[in-house]
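# I would like to see how this sequence folds:
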Amino acid sequence: MKKFNIKKISIVLYAVLLASVLGFIIINNYILSEEKIELSYSDFIAGIESGEVTKVYLTETSKIEGNLSDGSTFITDNPRVDTLKETLLLNDVSVDEQDGQINMNTVLSFVLLIGVLVGISIYLSKKGTRQTSKEYDKMSKVEFSTQKDSSVRFADIAGNEEAKENMIELVDFLKNPEKYTRYGAKMPKGVILYGPPGTGKTIMAKALASEAGVDFIAVSGSDFVQVYAGLGAGRIRSLFKDAKDKGKCVIFIDEIDAIGKKRDRGGLGGSDESDRTLNALLTEMSGFKGSEGIIVMAATNRIDILDDALLRPGRFDRQIEVGLPDLKARQEILKLYSQNRPIDAEINLDGLAQQTVYFSGAKLENLVNEAAIYAAREDAPYINQNHLDKAFYTVIAGEEKKDRSGISHVDRKITAYHEAGHAVVTKILCPDNKVTKVTIIPSTKGAGGFSMNIPPDRMYNTKMNMINHVKVALGGRIVEEIIFGSDHITTGASNDIQKATEIIVAMIKQFGMHDEIGMVNFDVLYGNRNFVDDDVKQLTKKEMKQLYDETKLMIRENIGLVEKVAEELLRKETLNEDEINKIVGEYDEALLCS
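So this is what the prediction gives:
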């Protein structure tokens, strides 16, 4: 309130001062000014000759002013004749050739007016500067969520045991620093959690703060990406200042790659503002001691693009991978998310865990939640296996379309043969893979049908596995060409072609799996840019053509099996793994008998 009164008083004072100056000018020049007698030029000449005119002010204006013998002031027209001054002097009239209009009162009034206007301008300028400074300070304050007594604990996180062990050690650092000080050990200043999306990086950071009983300050890397120069760096400084004021705490920066990307940028140059923000982060992390009890945690899906200065010891000392859960971890996650839900005792969670290869923790949670929604729709007493199966395929491919009356018989036939091609190639080339479902029912995600191909858990992908995956992807288009002709192939294989191309390019560019190129990583050669060399393009085309021809030959040899699977799909619309295995078994028996 006090600040508001000072501002109000200042404005009133300036207004009063301006009004006073204007009043002074008006009174001085108009009210108090002496009244002037207007003379005609002939009367003016007569006055000169009679001695009545005593003084004349000659100016370049159109009027002449002067004084009469009685002390009054007159004004008359100025003819601007050269002999006027001579006439005046011959008649003993005093002549003043200076501008009589400019007197001290006028000058003083003008100076006062200019002074007031300058004062108001300075006031408004300072006020604008202060307002701008306040706005900048306000924008420099980064908004963050903080919580001290979160309910999240490490016991609520399943899987990633190695990552959890590292995090539990940090909790001990925060709770018992003297235990480590005795050995000269320092608490890590920074920890980066990296891995695919949805693997639980954020929840692990929350659990760390919760277990240690300290504040959890959460921000996003995008909060520091600003169009105004210096604003991102200001927000970094503000964040660390607030953290130091709190004492022991965990600062969590999600998606840190938004501000922490490499500064060389492949020789293309970069944004000065992003560099300034990154430099501020590096400076702040180097400026506090580990003994202060502040741990900076960050999460990213792309640790490979982060700046080296950010990852060096003394900044982010630890880099902890939070990867996709393995089979055992998926079992634990499914059991965890099944707790406190009415689950049917006959549900096979272990079987579901085997099906959900490459599922993240978030995706598994979504799967169980979708199953619960299906059960609620039916008002079922329990979440049963059917609900989980429907949820699984919903997460993968979307919900089945209810109205299929608009699908023509020709389209159904093309889809059936296309999906049969995928299923048959998988069964021949990848016997360890499970084909749990093949359907020609279109989904809400735009798929006309799909073939669910689930590989076993592996630590590595071999060259043969990758080649087989390419052939499986090409199987649908090849069957379309064989059955319907090359002029009648469809756009249904667009996603398959994309996958196949990505695998071949990765084999050549990243994994050194091509004999002609050898063991060269093109991301290193071309500065981690999405650049495809002309040699890679030509080799990709050549490799794709070769694999296409090999797969086409194999499908021609087994076209009878493709037709049997397609016929069953047209009849039932959906086939599960047991039904597919039965068709394959009967076909193999028929071949042996013949």
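
# Next up, the contacts around the closest residue to residue 262 other than its chain neighbours.
Nearest in space to residue 262, with sequence neighbours left out and distances taken as CB to CB, 6 or more residues apart in numbering, is residue 307 at 5.0 Å. C-betas here are computed from N, CA, C, even on glycine. Residues touching residue 307, when contacts are defined by CB atoms under 8 Å, 6 or more residues apart in numbering, comprise 260-263, 278.

# Out of those residues, which is nearest to residue 58?
Top of the list for closeness to residue 58, among the contacts of residue 307 and by CB to CB, is residue 278 at 75.4 Å.

# you'd agree that closest one is up against residue 263?
Yes: using CB atoms under 8 Å as the test, residue 278 is close enough to residue 263 to be in contact (6.9 Å).

# These two: who's more crowded?
Neighbours per residue, other CB atoms under 10 Å: of residue 278 and residue 263, the larger number sits with residue 278, 25 against 16.

# ok, now how distant is that one from residue 224?
The gap separating residue 278 from residue 224 is 9 Å, by CB to CB, to the nearest Å.

# cool, residue 334 as well?
On the measure of CB to CB, residue 334 and residue 224 end up 37 Å apart.

# for residue 499, same thing?
Where residue 224 is concerned, residue 499 sits at a distance of 36 Å (CB to CB).

# likewise residue 77?
According to CB to CB, residue 77 and residue 224 sit 76 Å apart.

# The two: who's more crowded?
When residue 77 is set against residue 224 and neighbours are counted by other CB under 10 Å, the residue ahead is residue 224, at 26 against 13.

# now that one, nearest residue through space, not along the chain?
Nearest in space to residue 224, with sequence neighbours left out and distances taken as CB to CB, 6+ apart, is residue 232 at 4.2 Å.

# So the one you found sits against residue 277, correct?
Yes: because the distance of 3.5 Å satisfies CB under 8 Å, residue 232 is recorded as touching residue 277.

# which ones are touching residue 415?
Residues in contact with residue 415 (CB under 8 Å, 6+ apart) are 440, 448-449, 492.

# oh sorry, the question was meant for residue 370
Residues in contact with residue 370 (CB under 8 Å, 6+ apart) are 390-391, 394-395.

# which among those gets closest to residue 419?
Minimum separation from residue 419 among those (CB to CB) is found for residue 394, which lies at 18.0 Å.

# okay, now the closest one: neighbour count?
Counted with other CB under 10 Å, residues neighbouring residue 394 total 20.

# In CSV, could you pull the C-alpha coordinates for stretch 483-494?
What follows is stretch 483-494 as a C-alpha-only set of coordinates in CSV (Å, rounded to 0.1, in the frame of the first residue of the first chain):
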residue,chain,number,x,y,z
ILE,A,483,-1.9,-63.4,-55.7
PHE,A,484,-3.2,-60.2,-57.2
GLY,A,485,-0.5,-59.1,-59.6
SER,A,486,2.1,-56.3,-59.5
ASP,A,487,-0.5,-53.8,-60.9
HIS,A,488,-2.8,-54.4,-57.9
ILE,A,489,-0.4,-54.0,-54.9
THR,A,490,-1.8,-51.7,-52.3
THR,A,491,-0.7,-48.9,-49.9
GLY,A,492,-1.2,-51.3,-47.0
ALA,A,493,2.6,-52.1,-46.9
SER,A,494,3.7,-48.5,-46.3
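
# which stretch of helix or strand covers residue 451?
Residue 451 is part of strand 450-454 when elements are defined by DSSP states H and E.

# before we move on, what about residue 76?
Residue 76 belongs to strand 73-77, assigned by DSSP H and E.

# Using ChimeraX, define a selection of the buried residues within the contacts of residue 370.
Here is the ChimeraX command that picks out the buried ones among the contacts of residue 370, judged by 16 or more other CB atoms under 10 Å:
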select :390,391,394,395
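
# I'd like the contacts of residue 370 as CSV, with pLDDT, distance to residue 327 and secondary structure appended.
Putting those into CSV (pLDDT from 0 to 100; distance: CB to CB, whole Å; DSSP: H, G, I helix; E, B strand; the rest coil) gives the following:
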residue, pLDDT, distance to residue 327, secondary structure
390, 87, 23, helix
391, 88, 19, helix
394, 84, 22, helix
395, 84, 18, helix
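
# any idea which of the contacts of residue 370 is closest to residue 454?
Within the contacts of residue 370, distances to residue 454 taken as CB to CB reach their minimum at residue 395, with 13.3 Å.

# From what I see, that closest one and residue 367 are in contact.
Yes: applying CB under 8 Å, one finds residue 395 in contact with residue 367, separated by 5.1 Å.

# Okay, domains of this structure per the record?
Here the domain assignment for the chain is 2-105, 150-321, 327-397, 409-593, based on automatic domain parsing.

# Quickly, which of those bottoms out on average pLDDT?
If the domains of the chain are sorted by mean pLDDT, domain 2-105 sits at the bottom with a mean of 71.

# got the contact list for the strand holding residue 451?
Counting by CB under 8 Å, 6+ apart, strand 450-454 makes contact with 354-355, 357, 393, 396-397, 419, 422-423, 426, 430, 433-439, 443, 472, all of which sit outside it.

# Return the set of buried residues in the helix or strand hosting residue 369.
Element membership of residue 369, judged by DSSP H and E, is helix 361-378. Of the residues in helix 361-378, those with enough neighbours to count as buried (16+ other CB under 10 Å) are 361-368, 370-372, 374-375.

# quick one: which of these is nearest residue 94?
Ranked by distance to residue 94 (CB to CB), these are led by residue 362 at 102.4 Å.

# For that closest one, which residues are in contact?
Listed by CB under 8 Å, 6+ apart, the contact set of residue 362 reads 197-200.

# And those residues, which of them are buried?
Applying 16+ other CB under 10 Å to the contacts of residue 362, the neighbour count classes 198-200 as buried.

# ok, back up a step: work out the gap between the helix holding residue 369 and the centre of the chain.
Using CA atoms, centre = their mean, to the nearest Å, the distance from the centre of helix 361-378 to the centre of the chain it belongs to is 29 Å.

# Do you have the strands of the stretch 151-300 of the chain handy? List them.
Taking DSSP state E, counting those that start in this stretch as the test, the strands found in the stretch 151-300 of the chain are 190-194, 215-220, 249-254, 294-300.

# Check the ones you listed for me and report the most buried one.
Compared across the strands of the stretch 151-300 of the chain, strand 294-300 shows the largest average neighbour count, a mean of 26 (mean count of other CB atoms under 10 Å).

# quick one, that one and strand 215-220 angle?
Here strand 294-300 runs at an angle of 30 degrees relative to strand 215-220 (axes from the mean of the first three to the mean of the last three CA atoms, to 10 degrees).

# Setting the sequence-adjacent residues aside, check what's closest to the most centrally placed residue in the chain.
Taking CA atoms, centre = their mean as the criterion, residue 222 is the residue nearest the geometric centre of the chain, at 4.9 Å. Using CB to CB, 6+ apart and skipping the chain neighbours, the partner closest in space to residue 222 is residue 258 (5.0 Å).

# ok, that neighbour touching residue 232?
No: applying CB under 8 Å, one finds residue 258 not in contact with residue 232, separated by 9.9 Å.

# more neighbours, these two?
Higher neighbour count among residue 258 and residue 232: residue 232, with 27 against 18, using other CB under 10 Å.

# coming back round to it: off-centre distance for the helix or strand just after the strand holding residue 76?
Secondary structure here is assigned by DSSP H and E; on that basis, the next helix or strand after strand 73-77 toward the C-terminus is helix 84-90. Centre-to-centre, helix 84-90 and its host chain are 88 Å apart (CA atoms, centre = their mean).

# Can you tell me which helices and strands helix 84-90 packs against?
Contacts of helix 84-90 with other secondary structure elements, assessed using 3 or more CB pairs under 8 Å, 6 or more residues apart in numbering; DSSP states H and E, are made with helix 41-50, strand 94-96.

# Check which residues of that helix are buried.
Applying a neighbour-count criterion of 16+ other CB under 10 Å, one finds 84, 88 buried in helix 84-90.
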